[in-house]
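**Q** Pasting the sequence and the predicted coordinates here, then a few questions.
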Amino acid sequence: MLGIILVLGACSDNSTTDSTPENEVESETSATKMFELNGSEVEIPTNPERIVTDIYAGEFFSVGANVVGAGSWSFGNPLLEEQLEEVTDIGDPVNLETVLEAEPDLIVVMSDENLDELSAIAPTVVIPYNTTTTTQDTVAMFGEIAGREEEAEEFIAEFEEKAAQGRQELEGIIEEGATVGLYEMTDKGAFWVFGDAGGRGGQALYNALGLEAPETIQSDIIETGEVKELSMEVVPDYAADYMFITDYNPEGTSDSLDQFTDSAIWKDLDAVANNRVFVNDFDTFYPYNPISVSHQIDLFVEMIKERAAENGE
């Protein structure tokens, strides 16, 4: 496979559309640009037309770029179903043959695994996890990569308008000083707490809507950029006034969450007593791409308002 890729790459390098040296230099100059990240530079198309990516489909969709191939996990995101209808599933891990068949002019991946093989197909940019931690920074970076800076500015403006509207709608519903927390119960019985940059709605809840975390989550999770598994005994130390729990139960066979909600520790939480616990769908709240975060703003605002009405608040 690598041999085929290298041969095709060589053929591509040797083919031209104009034999005039001056025109060739001018074309190459206008068609490519240097993208720098973490001290490394990659020459990429100025305006890529066929992008393949492992996990960043939503990021490119947010700036209106053309994604022709995306990693398998993207297709489980219910908030991207429409945009992914014509996109090829390149597998997870990435299948090199499928990538080659997609004929990309740009590849963007999270890790440098298979970097040499991918770079032989098309210019390849590696963007490690958590390179950006806000939606605005994410959109700006992918707008730069895709040559769609104006579209990025438009998305950011609309996003910030939506966030401001959401904050306004929650005024008087969430009392001053109230805290919110993000958690996850896995099918193996592990209970995790998340911050503002690890998916599960953190960018929507903390960054966009400006809600506050308990001090323990602020210092141990948000300020360190980490996530943390909690033993049941310390859950009260990380509890918030509003608790949002994603239920990771892909096979639908685990009763870990039911066991937890039946425990004395659970029943003693203030959020439980005040009916301010929300159990959320994993596929909807796990993603942290800009399109998903934008939708999550609406979902959080609506569920908080509905619960407040239910509680007569």
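**A** Yep, that arrived.

**Q** what's around W192, how many residues?
**A** Applying other CB atoms under 10 Å, we find 19 residues neighbouring W192. For glycine as for every other residue, the C-beta is placed from the backbone atoms N, C-alpha and C.

**Q** send the alpha carbons of stretch 172-187 over as PDB?
**A** What follows is stretch 172-187, C-alpha atoms only, in PDB (Å, rounded to 0.1, in the frame of the first residue of the first chain):
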ATOM      1  CA  GLY A 172     -33.400  34.800  37.300                       C
ATOM      2  CA  ILE A 173     -33.700  31.000  36.900                       C
ATOM      3  CA  ILE A 174     -30.300  30.000  38.100                       C
ATOM      4  CA  GLU A 175     -29.700  31.900  41.300                       C
ATOM      5  CA  GLU A 176     -26.600  33.900  41.900                       C
ATOM      6  CA  GLY A 177     -23.800  31.700  43.300                       C
ATOM      7  CA  ALA A 178     -25.400  28.400  42.200                       C
ATOM      8  CA  THR A 179     -22.900  25.900  40.800                       C
ATOM      9  CA  VAL A 180     -23.100  23.400  37.900                       C
ATOM     10  CA  GLY A 181     -21.100  20.200  37.400                       C
ATOM     11  CA  LEU A 182     -20.500  17.700  34.600                       C
ATOM     12  CA  TYR A 183     -20.100  14.000  35.300                       C
ATOM     13  CA  GLU A 184     -20.200  10.700  33.500                       C
ATOM     14  CA  MET A 185     -21.200   7.200  34.600                       C
ATOM     15  CA  THR A 186     -19.600   4.400  32.500                       C
ATOM     16  CA  ASP A 187     -20.900   1.000  31.800                       C
END
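
**Q** Run through who's touching it.
**A** 191-195, 200-202, 205-206, 211-214, 217, 230, 238-251, 253-254, 256-257, 260, 282, 304-305, 308, 313 (CB atoms under 8 Å, 6 or more residues apart in numbering).

**Q** what about 6 Å?
**A** 191-194, 200, 202, 205, 211-214, 217, 240-249, 254, 256-257, 308 (CB atoms under 6 Å, 6 or more residues apart in numbering).

**Q** Show me which positions of that stretch end up buried.
**A** Within stretch 172-187, the residues that count as buried by 16 or more other CB atoms under 10 Å are 174, 179-187.

**Q** With stretch 152-171 instead?
**A** Applying 16+ other CB under 10 Å to stretch 152-171 flags 152, 154-156, 159, 162-163, 166-167, 170 as buried.

**Q** Check the residues you listed and tell me the two furthest apart.
**A** Farthest pair in those (CB to CB) is A152 and L170. Separation: 27.0 Å.

**Q** Poorly predicted segments of the protein, please.
**A** By pLDDT under 70, the low-scoring segments of the chain are 1-30.

**Q** go again using 80 as the cut-off
**A** When residues are selected by pLDDT under 80, those of the chain lie in 1-30, 198.

**Q** Where do the helices of the stretch 101-250 of the chain begin and end?
**A** 115-121, 135-146, 149-170, 202, 215-217 (DSSP state H, counting those that start in this stretch).
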